[in-house]
Each structure stands twice: as C-alpha cells, then as structure tokens.
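> Sequence below, structure please.
(2 chains)
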Amino acid sequence: MFEFLGYQFIQNAFFAGTIVAVICAVLGLFIVLRKLSFMTDGIAHASLAGIAAAIALKIDVLIVAGFVALLSGLGINRIREKMKISGDAAIGLLLPVGLATGIVLLSLAHVTSVDLMSYLFGSILAITSSDLQFIAIFGAIVIATVAILRKQLFYIAFDEESAKASGMPVSAINYIFFGLVGITVVLALRVAGIMLVSALMIIPPLAALQLKKAFTTTLALSAAFGILSVWVGIIASYYIGVATGAAIALSSFALFLVAYGLKNR
Amino acid sequence: MKRTAALKASQQAVLEFAHISFSYAGEPTLEDVSFSVQKGDFLGIIGPNGAGKSTLFKIALGLETPTTGSVRLFGNKQADFSNWHCIGFVPQKVQFDPNFPASVFEVAAMGLAQNSGLMPLSVQQKIAIRNALHEVGLESQASKRIGELSGGQMQRAFLARALVSKPDLLLLDEPTTGIDSAQQEKFCCLLERLHKAGITIVIISHDLTFMSYLVNKVICINRKVFYCGHPRDIAKSGALPKAYGHAVHSVLHDHEHGA
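Next up is the predicted model:
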C-alpha cells in the first residue's frame, strides 16, 4: 500500500512538507494571535515580484523570492511602527505593490503561465534534494530563533505594551519576527504556492485554538495539525490524482472542521 | 549584584519626575510636573479623566518620551536604567482576546520573559511563579485559561505577573476599575500586605475614598501638580475643585499609615 514511499521525490516531499508544516504552524500561531492572518497572503503575493525577477533573469527563485519576502516582512513592521499604520493596512499597502511589480516584470520578460503555475499553487512533488537542503537549513534557523525568543513572542502577542514596559526590546524582536515570517512564506511556496500558503500558516493554528488548551499545548497541537495536513494531502493527492498543494489545503480545512466539531461536542 | 546597586540607589528616590512636560498631537497633557517617590512610599495619583496620570507611568516606563524634563529610576536616568525586574507594572486594562490560549500560570510567567534563551523555566522560576500566584490568591486557578477568570481575578493575575520578578517598585494604573466592591476590598488588603512587605507602591485611581484608605501620600494632577502631601489634608487644601474644575465630594478616610 505504501510502496510509493520508495520514490525519492515522494520522500523529498514528505521531508520538506514536514519541516515546512512545523515552521508554518509554529509561526502561524503567533500571527493568528497577533491578528495578522492577512500578513501571510500579503507577503506571499508581494514575493511574486521576486519570483518574476528570478524567472526573467534565470536565477534561483527561492533566493530572490526569499529576499523580497524578507524585505516585505521587515517593511510591514517598519510601516506599522514608523508611520503608525495598523498591521493589516500596512499589509494592504505592500500587497498590491509586490503583485503589480511581479506582473509588470512577467509581462516584460514574456514569461509563460506554465513557469508560474508551480509558484502559484505549489509543486511539492518537484522538490529536489538541493531544495530540501535549503528548506532544512532555513527551517532550522527559523525554529531555533523561535525557540530562543518564544517567551518574548508569547508576551508580545498577549500584551505588547506591557512587554515594552517590562524593558523588553520589543521593536527589535518584532523585526526578527516579521523577517522570520518572510523567510517562512518563501519556504512554504514550493509546498503550497502563493495562493494556498495560508492553508499551512493560518488553518492549523486556528484548528489548534479550537481545542482551548494552554499555550504550550496549543503550539504542539498546531504543529501536529500542520504535519497531518501535509501527510494526508500528499497521500490523498497520490491516490486520487489531484494537485498536491490543493489536497494539502483541503486536508488542513478538514482537520479544522474536526477540531471545531470536537470543541462543540 | 545589579539588584544591590539598584537598592543602594533607591536610598535616594526610587522614582523621580523633574519638570516633565508632554503633548499629545500638540495638545499639552503634562506641564512642568515634578515629584518624587521615596522607598517605602505608598503614593496615590488622582485627577480627572485626561489629566495625564497614565502618561506619567508611560513616561516612567519609557513608552513615551517627554517633551521636556527627565525621569530617574532608582537614581539612574531613565534611558540608562536596565534593572527592569525591579519594577512591576499593572496596566489599566489589558486588551486581549478572551480566547487567548494562556493559562494563569503562563500569564504570571510572562513576568520572567525579559531574558531570552532555549532553557525551559527553572525550578526556582517555577517556585517564584507559584509564590506570586499564592500571594494574590490564585494558586488553585493556575491551570485555568486567563479568559475564564472574573475581572477581579484577572487583575490579580496581572498583579502576580508584576510580582514574579520580586520588584521593589509597583506601578498600578487604576487596577480596580470595573471590579465589584468585594473584589476591591480584597485587592486593597493585598496591596496593604505587599506594602508592609517592603514594596514601594504608586497607584493611579479615580476613587478618592479607596485611595485614602491605602496611601500615605497623594498627588493630585490635572496637567500640573495641584497637591502633593498626606491624603488627610487634601480636602482642606482646596486643590480638588481646582484640579477637577468643580466641587468634589468624597469620604476621605483619616488614618496614619506606617511608612
């Protein structure tokens, strides 16, 4: 039944998907708690400019898109802090700029829609060993940083003003956090694509929050839901023969419904 | 070591405002406000809405920068101060989602979150959190989610968060707003106990009666300082109608506090 696990590309998909699921679900919980869920889509759309530039210039897409997404994350925080614009409005400001820049670059470079499809909807089954290495290295950096800063990120998500009043360097931590979100969105692009990245970053934390547990348990549940979404999505897409990114997004939503059902049992 | 240095400095004044002025969007909120809080004080700040009371705390804690003037904490310039664990702060109203996944224990533990690190809470830190929750009477509620507590219990949980780092100075911004009288009384007893244990307390409140039961020194402000002294003498000073712009009737409790 599980003979497909012998294929290298399936193994790569499982490894990459599991790493991405964990970092997305962990960072996603902080994003949801800070009421910045729209941010994931904002950065993903803004990264289209990087993808377009990389395709047009024939250079590594993950690196260029990663750089643009990192800048977008830091830019959103800069706009929030310095221009006193709320987080969702700052995202709304950057999203169309990135998207429009991407479309202009793609038009100028005469890029076909085939080149773009894998970035719009993900192509987890096409992940190569070098992609996997990239995802593993940056995934480890993201997880290690969150592990070190978890207490501060938790306090800031709960009560940012009191966190500042306690002498915590909130502004610096916010820049690190928004930068990590940028990196994570790009790592998730190969798995779920620009259009479906929130399926990994927002839905698993929302499912975990339905179960009304304390923070540490919710964080673990969020990661577990993320991993389960990816595994069920890959297996379902293999047997049913549908797009893997979409199967992951739908399995993620199905898990949310299960968690919601458990809450209201 | 750092704590000893802070305590030595506190033999002068633990908190000192010197000629503080501040404006919000060009509108003056504070004008030339100067006063100091000595170690062992239980000081109340009163004044009408918009008088600049909370702004004073924000300036002391570095959340706002004054237009003119300076603040000293434990003898150090505010900008140079680093021993933040010596100060506990309970804000007026913590705006949070009632479904936020934080237990009472986790909220109290936030008081130890200044230092980053991979290590989980040490045994000593867990004991400190349990002790702070015991102090505020919430030890049995430690595993409950914060959103499940009543208003009074929530304020005590935030007080536990402020107490967990064993502060020398507590800043409380209207901690009893929206709490019923029974819970207020409990809160008062708790503050008296903390003061007797040696913590210097500065409290902002609208409630003069509540305040006069607790404090040994009161500051009445409305942009400027109108009164600074013992609560017993504030009524006859004539400061209240000047600060509030109308006659203020309140039952002021008249008793001496041991500082």
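> B:Ala109: what's its closest spatial neighbour, skipping adjacent residues?
Counting by C-beta to C-beta, 6 or more residues apart in numbering or on different chains, B:Ile129 is the residue found nearest to B:Ala109 once chain neighbours are left out, at 5.3 Å. In this view, the C-beta of every residue, glycine as well, is placed from N, C-alpha and C.
> Count the residues that sit near the one you found.
Using other C-beta atoms under 10 Å in any protein chain shown, B:Ile129 has 26 neighbouring residues.
> do A:Ile235 as well
Around A:Ile235 there are 19 other residues, counting by other C-beta under 10 Å.
> Does it fall in a helix, a strand, or a coil region?
Of the three states, A:Ile235 takes helix under DSSP: H, G, I helix; E, B strand; the rest coil.
> how far away is B:Ser54 from chain A?
11 Å (C-beta to the nearest C-beta, to the nearest Å).
> what sits against that residue?
B:Gln92, B:Asp173, B:Glu174, B:Ile204 (C-beta atoms under 8 Å, 6 or more residues apart in numbering or on different chains).
> Filter those residues down to the buried ones.
For those, a burial check counting by 16 or more other C-beta atoms under 10 Å in any protein chain shown picks out B:Asp173, B:Glu174, B:Ile204.
> where's A:Ile173, which helix or strand?
Element membership for A:Ile173, per DSSP states H and E: helix A:170-196.
> residues near the residue of the stretch 101-250 of chain A found nearest chain B, how many?
Going by C-beta to the nearest C-beta, chain B is nearest to A:Gly167 of the stretch 101-250 of chain A, at 2.9 Å. Around A:Gly167 there are 17 other residues, counting by other C-beta under 10 Å.
> That one - nearest residue in space that isn't next to it in sequence?
Take A:Gly167 and drop its neighbours on the chain: the residue closest to it by C-beta to C-beta, 6+ apart is B:Trp84, 2.9 Å away.
> about what we covered before: in TSV: the buried ones among the contacts of B:Ser54, plus pLDDT, secondary structure and distance to A:Ala157.
As requested, the buried ones among the contacts of B:Ser54 are exported to TSV (pLDDT from 0 to 100; DSSP: H, G, I helix; E, B strand; the rest coil; distance: C-beta to C-beta, whole Å):
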residue	pLDDT	secondary structure	distance to A:Ala157
B:Asp173	93	strand	21
B:Glu174	89	coil	24
B:Ile204	94	strand	26
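> quick one: contacts for whichever residue of the stretch 1-150 of chain B sits closest to chain A?
With distances taken as C-beta to the nearest C-beta, the stretch 1-150 of chain B approaches chain A most closely at B:Trp84, which sits 2.9 Å away. When contacts are counted by C-beta under 8 Å, 6+ apart, B:Trp84 is found next to A:Ser166, A:Gly167, B:Gln114.
> Neighbours of the first one, how many?
This points to A:Ser166. 25.
> Tell me who's in contact with it.
Under the criterion of C-beta under 8 Å, 6+ apart, the contact list for A:Ser166 reads A:Tyr155, B:Trp84, B:Phe89, B:Met110, B:Gly111, B:Ala113, B:Gln114.
> May I have the secondary structure class of the third one?
For B:Phe89, the assignment made with three-state DSSP gives strand.
> hang on, isn't it packed against B:Lys58?
No. Taking C-beta atoms under 8 Å as the contact criterion, B:Phe89 and B:Lys58 are not neighbours in contact, 10.0 Å apart.
> the more surrounded of the two?
More crowded of B:Phe89 and B:Lys58, by other C-beta under 10 Å: B:Phe89, with 24 against 19.
> Would you check how far apart the more buried one and B:Leu170 are?
The spacing between B:Phe89 and B:Leu170, counted by C-beta to C-beta, to the nearest Å, is 8 Å.
> Repeat that for A:Ala49.
The span separating A:Ala49 from B:Leu170 equals 50 Å under the rule C-beta to C-beta.
> Neighbour count for those two, which is higher?
Taking A:Ala49 and B:Leu170 together and counting by other C-beta under 10 Å, A:Ala49 has the greater number of neighbours (25 against 22).
> residue contacts, the more buried one?
The contact partners of A:Ala49, by C-beta under 8 Å, 6+ apart, come to A:Val68, A:Gly98, A:Leu99, A:Thr101, A:Gly102, A:Leu105.
> One more: A:Ala163?
In this structure, A:Ala163 makes contact with A:Gln152, A:Tyr155, A:Ile156, A:Val170, B:Met110, B:Ala113, judged by C-beta under 8 Å, 6+ apart.
> Please convert those to CSV, extending it with distance to A:Thr18 and neighbour count.
Output for these, formatted as CSV (distance: C-beta to C-beta, whole Å; neighbours: other C-beta atoms under 10 Å in any protein chain shown):
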residue, distance to A:Thr18, neighbour count
A:Gln152, 27, 24
A:Tyr155, 29, 27
A:Ile156, 28, 24
A:Val170, 32, 19
B:Met110, 31, 26
B:Ala113, 29, 22
